[in-house]
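Peer 1: Structure for the following, please:
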Amino acid sequence: MAGYETAYTRFEFRRLIEKRAVDIVQPDVSWAGGITEARKIATIASSYNMPCIPHSFSSAVNLVATLHFLASIPNSRYIELDQNPNPLRENLLTEPIFIDSSGNLQVPDKPGLGIELNEDVLNCYRVS
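Peer 2: The predicted structure follows:
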């Protein structure tokens, strides 16, 4: 049983893990409170010998944050990634993240999250 991407804190995940309600822990970085909180969740999962396979179903920024999180933990090699058309994932970055021919995603290696937002796309969604 994999889950639970809609749990928000390490305390909620800890209860699920301790009760063995999940076999695979799936935090969403943006819902869990960021990379630091997601790493705490992954650490708890690791202490129970459980894999952590993060969930990313929103924007390119969340995807990149999730990739950085994924690269920083020892108990994962995979990501659950939505493949439906999503302009905020596909067009938001000046250098989009894509799945390569081997089925891999590359973690940006520039400072910060390593991304630059496409201002034209931002303007399309801007609300005054």
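
Peer 1: State the distance from residue 57 to residue 28.
Peer 2: The spacing between residue 57 and residue 28, counted by Cβ to Cβ, to the nearest Å, is 7 Å. C-betas here are computed from N, CA, C, even on glycine.

Peer 1: Looking at these two, which is more packed in?
Peer 2: residue 28 (21 against 18; other Cβ atoms under 10 Å).

Peer 1: Relative to residue 69, how far out is the more buried one?
Peer 2: Taking Cβ to Cβ, one finds residue 28 at 10 Å from residue 69.

Peer 1: buried sites along stretch 93-111?
Peer 2: The neighbour-count check on stretch 93-111 (16 or more other Cβ atoms under 10 Å) flags 93, 97, 105, 107, 108 as buried.

Peer 1: A strand includes the last one, no?
Peer 2: No. With DSSP: H, G, I helix; E, B strand; the rest coil as the criterion, residue 108 is located in coil rather than a strand.

Peer 1: residue contacts, it?
Peer 2: 64, 67, 95, 97, 114, 115 (Cβ atoms under 8 Å, 6 or more residues apart in numbering).

Peer 1: Repeat the analysis, applying 10 Å as the threshold.
Peer 2: 64, 67, 68, 93, 95, 97, 114, 115, 116 (Cβ atoms under 10 Å, 6 or more residues apart in numbering).

Peer 1: any idea how far residue 38 is from it?
Peer 2: Counting by Cβ to Cβ - residue 108 and residue 38 are separated by 18 Å.
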